[in-house]
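In: Need coordinates for the following:
(4 chains)
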There are 2 protein chains.
Amino acid sequence: MRPKHTTLTPQELEIMKLVWQRDTATVRDIYEALLEHRKIAYTTVMTMMKILETKGYLKKRRQDRAFVYRPAHPKNQVIGGMLREFMDRVFNGSAEPLLVHLVKTRHIREKELQIIKRMLGEIK
Amino acid sequence: MRPKHTTLTPQELEIMKLVWQRDTATVRDIYEALLEHRKIAYTTVMTMMKILETKGYLKKRRQDRAFVYRPAHPKNQVIGGMLREFMDRVFNGSAEPLLVHLVKTRHIREKELQIIKRMLGEIK
DNA sequence: CTTGACATACGAATTCTTTAGTACTATACA
DNA sequence: TGTATAGTACTAAAGAATTCGTATGTCAAG
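Out: As a prediction, this is how the structure comes out:
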């Protein structure tokens, strides 16, 4: 059975990025990090992290009075899933038209081409 | 308050793809195309297309009794915007980590590399 | 012991997304 | 002429995403 296709929402992703950076984090850690960019309530962050836990993206364990959260899956795996979902939905699953866009918008230049070349060489 | 979505939602995209394919389309055209994949009500399609019109993605003009819709912007431009938004949100705006994923998941192979090479050559 | 700080639990409001029902209108046609 | 058909307009409602308030519990400092 194929695993349920569930993707991170924008705000969930924002929080997950911060947790991946830190490997472990409390609600307060994330709350303070988010506060530097925008106004947000402590309980909002708590709710989001609880949601991420029930969705299986975060694991928590109690330490003293507070929960300490950590990622349930590596960043690469989750981000990779989001990329695949996006490619499926927007480009019908094929990378080629995506690459066409990246070249035309100059997001891929010689530099990126060299990177790809080198990575492909390493895989072989 | 959640910031307004600047890009197409999944269902909106599904409809836009069909309109781009046809260049012009009535609600009935899209309704019938969608019906081949899933159960959906005629009025649902109508509502979605009205939303797309108020959001500025579709233009309509009356022809006989029905509206005929057409895209307000070319597909490349809109899809390009979605890719940009995704890259910003998920990869902090840089193409490189995105390419790393595509290489590692074998979505970029020799074939795609050649395509990129050729396109870069054409741009120069 | 009381109080303030800090944590979770719970509930709820708001907005966006998606879906669809009902009412109404104009046209075609039997 | 009256009726079925095909269209729009309007309304609504469910579910997801996002936000936050209030209640409550615990611990440490005074």
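In: so what's whichever residue of chain A sits closest to DNA strand D scoring on pLDDT?
Out: Closest to DNA strand D within chain A is A:T9: 3.0 Å, counting by Cβ to the nearest atom of the strand. For every residue, glycine as well, the C-beta is placed using N, CA and C. Looking at A:T9, its pLDDT reads 97.
In: next one: A:I123
Out: Per-residue confidence at A:I123 stands at 82 (pLDDT).
In: Pretty sure it sits against B:T105.
Out: No: assessed by Cβ atoms under 8 Å, A:I123 is found out of contact with B:T105, at 10.9 Å.
In: Those two: which has the busier surroundings?
Out: Each of A:I123 and B:T105 has its neighbours counted (other Cβ atoms under 10 Å in any protein chain shown); B:T105 has more, 14 against 10.
In: List the contacts of the residue nearest to the more buried one when sequence neighbours are not counted.
Out: Of all residues not flanking B:T105 in the chain, A:G80 sits nearest, at 6.3 Å (Cβ to Cβ, 6 or more residues apart in numbering or on different chains). Neighbouring residues of A:G80 by Cβ atoms under 8 Å, 6 or more residues apart in numbering or on different chains: B:101, B:104-105.
In: ok but A:Y69 is inside a strand, no?
Out: Yes: per DSSP: H, G, I helix; E, B strand; the rest coil, A:Y69 lies within a strand segment.
In: re earlier: may I have the phi/psi pair for the residue of chain A closest to DNA strand D?
Out: A:T9 adopts backbone torsions of phi -70, psi 160, taken as degrees, to the nearest 10.
In: Distance-wise, check it relative to A:I51.
Out: 9 Å (Cβ to Cβ, to the nearest Å).
In: hang on, the earlier thing: looking at the contacts of A:G80, which is nearest chain A?
Out: Taking Cβ to the nearest Cβ as the measure, chain A lies nearest B:H101 of those, at 5.3 Å.
In: and chain A, which of its residues are near DNA strand C?
Out: Applying Cβ under 7 Å from any atom of the strand, one finds that chain A approaches DNA strand C through A:26-28, A:42-43, A:46-47, A:50, A:65-67.
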